[in-house]
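**Q** Just need the structure, nothing else, for what follows:
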Amino acid sequence: MTFAFFSRSLASFLLALTALPVIAQPAAGSPVKVEAAWIRVSVPGQSGTGAFMRLTAQEPMSLVGLSSPVAGVAEVHEMKVEGDVMRMRAIPALALPAGQTVELKPGGYHLMLMDLKSPLKADTRVPLTLVLRDAKGTERRVELQVPVATRAPGKAGESGHGAHGSHGAHGSGHKH
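**A** Numbers count the residues shown, from 1 in each chain. Here you go, the predicted structure:
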């Protein structure tokens, strides 16, 4: 086996690994399963972006907060139509019923990273800590490394959540 062959084989293997679907999975024994996690890329001058994922708790819990070193402010948000207007607001907690998957997605419940310290670039990872509270009031933290992308993993396109992708954290049409 020549060095050139070995180098090409290793490069092909590493390239294949990057094509695999990325899942931000917490450590074993975590109280919540995290699937299809991603954070939308941002551009220079953009102060905020959204993070999305599916969460399945093993026991009844609530997502009560989050943090990330890339953002000055991180909140759990919901978007919903009130009258004719789509509104976004921070919520104090998001219920995670035992065994039921709760989807954080564009246009619905999602995580907001605001006051970004620098633009978030595609194909990088961002540390994100979820803060969960169980029925007894005990808080647990789940540490994630979430990929940054232009769209959800495995999707060819996206529908209708331009609010976090095209401008700063909150533009016209949003109300807290």
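**Q** pLDDT weak spots in the chain?
**A** 1-28, 155-176 (pLDDT under 70).
**Q** any chance you could map the strands in it?
**A** For the chain, the strands defined by DSSP state E cover 32-40, 48-57, 61-67, 71-82, 85-90, 94-96, 101-104, 110-116, 125-134, 139-149.
**Q** Using a markdown table, please lay out those together with mean neighbour count.
**A** Every C-beta, even on glycine, is put in place using the N, C-alpha and C of the backbone. A markdown table is the format used below for these (neighbours: other CB atoms under 10 Å):
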| stretch | mean neighbour count |
| --- | --- |
| strand 32-40 | 21 |
| strand 48-57 | 22 |
| strand 61-67 | 19 |
| strand 71-82 | 17 |
| strand 85-90 | 14 |
| strand 94-96 | 18 |
| strand 101-104 | 17 |
| strand 110-116 | 21 |
| strand 125-134 | 19 |
| strand 139-149 | 17 |
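**Q** What residues are bridge-paired with the residue nearest to R40 when sequence neighbours are not counted?
**A** Counting by CB to CB, 6 or more residues apart in numbering, T49 is the residue found nearest to R40 once chain neighbours are left out, at 4.8 Å. Under DSSP bridges, the beta-bridge partners of T49 are L113.
**Q** who's in contact with stretch 65-82?
**A** Outside stretch 65-82, the residues that touch it by CB atoms under 8 Å, 6 or more residues apart in numbering are 48, 50, 63-64, 86-94, 107-118, 120, 126-131, 161, 163.
**Q** Who are the contact partners of V64?
**A** 76, 92-93, 131-133, 139.
**Q** As JSON lines, those with distance to A57 would be great.
**A** Listed next are those as JSON lines, based on distance: CB to CB, whole Å:
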{"residue": "V76", "distance to A57": "14"}
{"residue": "P92", "distance to A57": "17"}
{"residue": "A93", "distance to A57": "13"}
{"residue": "V131", "distance to A57": "13"}
{"residue": "L132", "distance to A57": "7"}
{"residue": "R133", "distance to A57": "11"}
{"residue": "E139", "distance to A57": "14"}
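**Q** closest to V32 among the residues you listed?
**A** L132 (6.2 Å; CB to CB).
**Q** partner residues bridging that closest one?
**A** L63, R140.
**Q** That one contacts E143, correct?
**A** No. Using CB atoms under 8 Å as the test, L132 is too far from E143 to be in contact (11.8 Å).
**Q** The residue nearest to A90 when sequence neighbours are not counted and P44: what is the separation?
**A** Ranked by CB to CB, 6+ apart and with sequence neighbours excluded, the top spatial neighbour of A90 is E75, at 4.3 Å. Per CB to CB, to the nearest Å, E75 is found 23 Å from P44.
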